[in-house]
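# predicted model, plus sequence, below.
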Amino acid sequence: MSAYRSEYRRSIESPEAFWADQARRLPWFKAPDTVLTYDDQGHARWYPDGELNLCHAALDHHVEQGRGDQAAILWDSPVTGTKRRLSYAELLDRVATFAGALRDLGVEKGDRVIIYMPMVPEALVAMLACARLGAVHSVVFGGFAPHELAVRIEDAEPRVVVAASCGIEVDKVLPYKPIVDAAIEQSAHRPEACVVLQREQCRAELGSRDHDWDELTAKATPADCVPVRATDPLYVLYTSGTTGKPKGVVRDTGGYGVALHYSMEAVYDMAPGEVFFSASDVGWVVGHSYIVYGPLLRGCTTVVYEGKPVRTPDAGAFWRLIAEYGVKAFFTAPTAFRAIKKEDPDGAHLREHDISSLKALYLAGERLDPPTFHWLEDLLEVPVIDHWWQTETGWPIAANLQGLEPMPTKAGSATVPVPGFDVRILDRQGQDAPALDQGSVVIKQPLPPGCLAGIWRDPQRFHAAYMAAFPGFYLTGDAGYLDEDGYLFIMGRTDDVINVAGHRLSTGEMEEVVGGHPAVAECAVIGIHDALKGQVPVGLVIPKDGFDGDELALEQELVARVRERIGPVACFKQVLVVDRLPKTRSGKILRKLLRHIADGAEFGVPSTIDDPASLSDVHEAMKARALGSSEQARQV
């Protein structure tokens, strides 16, 4: 790993020189003279005297370089039966015009704009138009309930809301406009205007503050790019927090642009003109970084997909997209492939498509369990790359860097820290843990460019949540370990490490064992309260489609499997077979919520849940096995 180690060492030992070199690869309006400074709390601020505009770097610059005819967006919407291609020149024209429309509504540099849209090209147009004006966008996942949208409106105080008339799911059309209206009524802050993209599947009735997207843009004149400082905010993205108050992650402009451009080459091995496909949503950080800004900053073509991994129309949807558009690198969450594996365990749909263009598959968003890793590795002839990062960091912390030096893979590992991230494992005393010992995964300051610049309007919360636990380090909230080769293994959130009769055990390790059973499609292991041992683990298991064996026998086999591989110390004695697990819309299993249900604790149904009915399903299974309380049953 000589090439990697040399670059990584330079990024840690000489961060200013390293990131100065990377900054020169972006088109600045005013190149920065100062690379790194610190605020009064000791947090890194990158390129403070530089000026640029990320819309200019992502669109205008490429058109000026002669790439105007190249495809910028390939939109594929099986839920509507629609496909569309937008070149860089066409996208630039639409973005500049919509920026002019926003300007006509009074949007200026520093104003906030909330975007509440499905996976349509206009969602990207709206984001880039905000960046063009120097306005701060805040994308809220389309379909969030009125209350959740209202608290974000109240916190961000947008001048304008941009929405579509509806979103389209596999089996239903979801009107968005009533949700937006209800959210504005519930919010103490009232936006001045709402721009509505009318979709034919459900046209919205417009009110006095509403503007039709097409009518507004028809009379707008294109807006030029507004120079902003590198440290000015590009967007606010709300993520889950432990309090009822939304936690708005603030992303700066210059550092983010530099980091994304570097990652597109070093991590994803993408060159201008190549096709990148991220099967996420613009409402999540993956959509911001690797559907919108990353691919376009690098001059790539980005695939925008309005569909699901299965049922649009079948479990071969991803393979069809890769073959049809010549995708070089594909990025999605492990849960998507667990859904595909459940419906198509032998990969029959893959054999219907020529995916020879694909050079690597990237997975993130949750831990890639070894059974899914091995299934994909056996199915595909390209590297299957688990990489790890967070909403807060905005780009990968650890990865197998295909554009720098591809490395051997290890099941369960995100490979090695990406240059710029000084990753450490600390024990409970804050000391470096030996190799193979689990502890808190932290990042030594300074954080590299691209990471969060703070929490919107709450600097104390930023410091308390991320920097106070281990002074001088950023707390990721994940537990894991480094092996003798420097490979990083993320075992789950620190609260997924349970204490069984004084023994600290990883539920992630147990999930590896349970998920390795050939009959198991998906699983979760949680720790629940036990009067004698403090906590004990419980497994929740979804069998593969077609499983016709005895469920009790399967449960007994899984208990024996954990006992054999981890030992009696795990006290793994209970397994529940369920039809589905509660997940977020991005595919993360809501383990904390499952613990609350089992322990009879109070909880609220989170706004990010994909299928609220899955909660009652799981609770019924727990209740039948004497887990949870009767009071909790009434709450569910």
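Cool, got the structure.

# any stretches of the stretch 351-500 of the chain with poor pLDDT?
Low-confidence segments of the stretch 351-500 of the chain, defined by pLDDT under 70, are located at 495-497.

# which parts of it are strands?
Along the stretch 351-500 of the chain, the stretches classed as strands by DSSP state E, counting those that start in this stretch are 360-363, 384-386, 398-399, 416-417, 422-426, 439-444, 454-455, 473-482, 488-493, 497-500.

# tell me the secondary structure at the residue located most distally from the centre of the chain.
When distances to the mean C-alpha position of the chain are computed (C-alpha atoms, centre = their mean), the maximum falls on residue 532, with 38.5 Å. The three-state assignment at residue 532 reads coil, by DSSP: H, G, I helix; E, B strand; the rest coil.

# on that earlier part again, wait, which of the strands of the stretch 351-500 of the chain is closest to residue 405?
When the strands of the stretch 351-500 of the chain are compared for distance to residue 405 using C-beta to C-beta, the nearest one is strand 416-417, at 9.6 Å. (Each C-beta comes from the backbone N, C-alpha and C, glycine too.)

# elements contacting the closest one?
Counting by 3 or more C-beta pairs under 8 Å, 6 or more residues apart in numbering; DSSP states H and E, the packing neighbours recorded for strand 416-417 are helix 2-13, strand 398-399.

# deepest of the ones you listed, which one?
When you average the neighbours per residue for each of those (mean count of other C-beta atoms under 10 Å), strand 398-399 leads with a mean of 26.

# show me the contact partners of it.
The contact list for strand 398-399, computed with C-beta atoms under 8 Å, 6 or more residues apart in numbering, reads 267, 362, 385, 387-389, 414-418, 421, 423, 488, 490.

# ok, of the residues you listed, which one's closest to residue 278?
Ranking the contacts of strand 398-399 by separation from residue 278, with C-beta to C-beta as the measure, puts residue 362 on top at 8.5 Å.

# thinking again about what came up before, any chance of the helices and strands packed on strand 416-417 in a markdown table, plus distance to residue 274?
Formatted as a markdown table, the entries for the helices and strands packed on strand 416-417 read as follows, by distance: least, C-beta to C-beta, whole Å:
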| stretch | distance to residue 274 |
| --- | --- |
| helix 2-13 | 21 |
| strand 398-399 | 18 |
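
# of all the ones you listed, which one is nearest residue 101?
Distance to residue 101, taken as C-beta to C-beta, is lowest for strand 398-399 among those, at 38.7 Å.

# picking that back up, and the residue farthest from the centre of the chain, how far from residue 188?
Between residue 532 and residue 188 the distance is 49 Å, computed by C-beta to C-beta, to the nearest Å.

# ok, which stretches of the stretch 51-200 of the chain are strands?
So, for the stretch 51-200 of the chain - with DSSP E, counting those that start in this stretch - the strands run 51-52, 71-77, 82-87, 112-116, 136-139, 160-164, 166-168, 173-175, 193-197.

# kindly reformat these as TSV containing distance to residue 251, mean pLDDT and mean neighbour count.
Written out in TSV, the entries for those read as follows (distance: least, C-beta to C-beta, whole Å; pLDDT from 0 to 100; neighbours: other C-beta atoms under 10 Å):
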stretch	distance to residue 251	mean pLDDT	mean neighbour count
strand 51-52	14	98	22
strand 71-77	21	98	21
strand 82-87	24	98	14
strand 112-116	13	98	27
strand 136-139	9	98	26
strand 160-164	19	98	28
strand 166-168	25	96	24
strand 173-175	28	95	16
strand 193-197	23	98	22
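
# between those strands, which gets nearest to residue 260?
With distances scored as C-beta to C-beta, the stretch of the strands of the stretch 51-200 of the chain nearest to residue 260 is strand 51-52 (12.9 Å).

# now residue 444: closest residue in space that isn't a chain neighbour?
residue 422 (3.9 Å; C-beta to C-beta, 6 or more residues apart in numbering).

# for the stretch 1-150 of the chain, give me the ranges with low pLDDT.
Across the stretch 1-150 of the chain, nothing is flagged by pLDDT under 70.

# isn't residue 17 right next to residue 10, touching?
Yes - in this structure residue 17 lies within contact range of residue 10 using C-beta atoms under 8 Å: 7.4 Å.

# can you give me the domain boundaries for this structure?
2-307+387-480, 494-635 (automatic domain parsing).

# give me whichever of these is most buried.
For the domains of the chain, average neighbour numbers computed from mean count of other C-beta under 10 Å are highest in domain 2-307+387-480, which has a mean of 20.

# residue 154 and residue 248, how far apart?
Counting by C-beta to C-beta, the gap from residue 154 to residue 248 is 11 Å.

# over to residue 526?
Between residue 526 and residue 248 the distance, using C-beta to C-beta, works out to 29 Å.

# please apply the same query to residue 322.
35 Å.

# just residue 525 next, same as before
Where residue 248 is concerned, residue 525 sits at a distance of 32 Å (C-beta to C-beta).

# and residue 373, by the same measure?
Relative to residue 248, residue 373 is positioned 34 Å away (C-beta to C-beta).

# I'd assumed residue 50 was in contact with residue 227.
No - contact status for residue 227 versus residue 50: not in contact, 9.9 Å apart, counting by C-beta under 8 Å.

# intersection of neighbour lists for these two?
Where contact means C-beta under 8 Å, 6+ apart, the residues bridging residue 227 and residue 50 through contact with each are residue 30.

# can you tell me which helices and strands the longest helix anywhere in the chain packs against?
When the chain is parsed with DSSP state H, its longest helix is helix 88-104. Helices and strands touching helix 88-104, as assessed by 3+ C-beta pairs under 8 Å, 6+ apart, comprise helix 61-64, strand 71-77, helix 121-133, helix 213-218.

# now those in JSON lines, please, with extra columns for distance to residue 207.
As requested, the helices and strands packed on helix 88-104 are exported to JSON lines (distance: least, C-beta to C-beta, whole Å):
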{"stretch": "helix 61-64", "distance to residue 207": "37"}
{"stretch": "strand 71-77", "distance to residue 207": "28"}
{"stretch": "helix 121-133", "distance to residue 207": "20"}
{"stretch": "helix 213-218", "distance to residue 207": "15"}
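
# so which of the ones you listed is nearest residue 467?
Smallest distance to residue 467 across the helices and strands packed on helix 88-104 (C-beta to C-beta): 27.8 Å, for helix 121-133.
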